[in-house]
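[1] build the 3D model from these lines:
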Amino acid sequence: MTLYSEIPAILAVAPNGARKMPADYPNLPITPAELAREARDCLAAGASVIHLHVRDDAGGHSLDTGRYREAIAEIRAAVGDDLLIQVTSEAVGIYDAAAQMAMVRDLVPEAVSLAIREVAPEGCDEKEFAAFCAFMREAGIRPQFILYAPEDITRYADLVGRGVIPGTGLPLLYVLGRYTVGQKSSPMDLLDFLATPVVRNQPALVSNWMMCAFGQFENACAMAAIALGGHARIGFENNTQLIDGTSAPGNAALIDQAKKGVLMLGRKVANAELARKLLSPDW
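    Modelled structure (predicted):
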């Protein structure tokens, strides 16, 4: 495994996710105006990427492109191009692969996260998925493929190896603790991904990697990733607690404590310009 500790670390903020509700988390940003304010605060704290979810009128998860455009416009008005905006394509048990890909084709975002097991599971229409990947390449969209478990890496490598996903290496996101009891992540969960034969023996398949984690040890997981040359996605989507166990007043507080850890580990923090370069796939 090659370490790239000299490369500045990307801190991506995931401010709301698909499931948490303001009634349970009073500072959860939902509306475009709230997301724009959170984006501005997180940029000041050290974030270079915002992982964007939008909600319907009832507060439920949505992939509506109109809602995405409204939120993106508000965020751009607040921070300009100083944050890379990555939209989610997450299914949440609502959207199938066709609907997820249709959203991306309609919206043409600058970046999107895509779970391999949702958009390209075993038995899927691989010709359609290959055409979708070709569309993203031609449109200049930056995909980040989400891997929930080590077996997803094997599936990803197979798709790249057979040319369904073009190119050689793409940005990946490792989700730590997705299937643990209570979804409580540990830094040790990272080893399950980094120790897979694909990652060890075919490093060119991974242009860079990022992690996200659940629960109070999110920051500890992020620091483990940063120390090993990775990047981190942090925020209320998966965790609302600071390292001392108290509730974070906002996502910016989580980003700020992560930034301090990055600097203590001897890495710099990436800005949006560099994040765009690092998250551009090797098509």
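[2] number of residues surrounding the residue nearest to Glu237 when sequence neighbours are not counted?
    Using Cβ to Cβ, 6 or more residues apart in numbering and skipping the chain neighbours, the partner closest in space to Glu237 is Gly17 (3.1 Å). Just so you know, the C-beta spots here come from the backbone N, C-alpha and C atoms, and that holds for glycine as well. Neighbour count of Gly17, defined by other Cβ atoms under 10 Å: 19.
[3] just Glu128 next, same as before
    There are 14 residues near Glu128, going by other Cβ under 10 Å.
[4] for it, give me the pLDDT.
    Per-residue pLDDT puts Glu128 at 98.
[5] which residues of this protein fall in strands?
    All strands of the chain, identified by DSSP state E, fall at 11-13, 49-52, 54-55, 61-62, 84-88, 111-115, 142-147, 170-176, 206-213, 231-234.
[6] neighbouring strands - and their directions - for the fifth one?
    Strand 84-88 has these partner strands in its sheet, going by DSSP bridges: strand 49-52 (parallel), strand 111-115 (parallel).
[7] what does the third one give?
    Strand pairing for strand 54-55, using DSSP bridges, gives strand 61-62 (antiparallel).
[8] what about the partner strand, average pLDDT?
    Strand 61-62 comes out at a mean pLDDT of 98.
[9] now that strand, how far from the chain's geometric center?
    Chain-centre distance of strand 61-62: 17 Å, with Cα atoms, centre = their mean, to the nearest Å.
[10] residues contacting the residue nearest to Lys20 when sequence neighbours are not counted?
    Nearest non-adjacent residue to Lys20, counting by Cβ to Cβ, 6+ apart: Leu28, 5.5 Å away. Applying Cβ atoms under 8 Å, 6 or more residues apart in numbering to Leu28 gives the contacts Pro15, Asn16, Lys20, Met21, Pro22, Phe236.
[11] weed out the non-buried ones from those residues.
    Buried by 16 or more other Cβ atoms under 10 Å: Pro15, Asn16, Lys20, Phe236, out of the contacts of Leu28.
[12] reformat the contacts of Leu28 as CSV; add distance to Leu190 and pLDDT.
    What follows is the contacts of Leu28, written out as CSV (distance: Cβ to Cβ, whole Å; pLDDT from 0 to 100):
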residue, distance to Leu190, pLDDT
Pro15, 23, 98
Asn16, 24, 98
Lys20, 24, 95
Met21, 29, 94
Pro22, 31, 92
Phe236, 21, 98
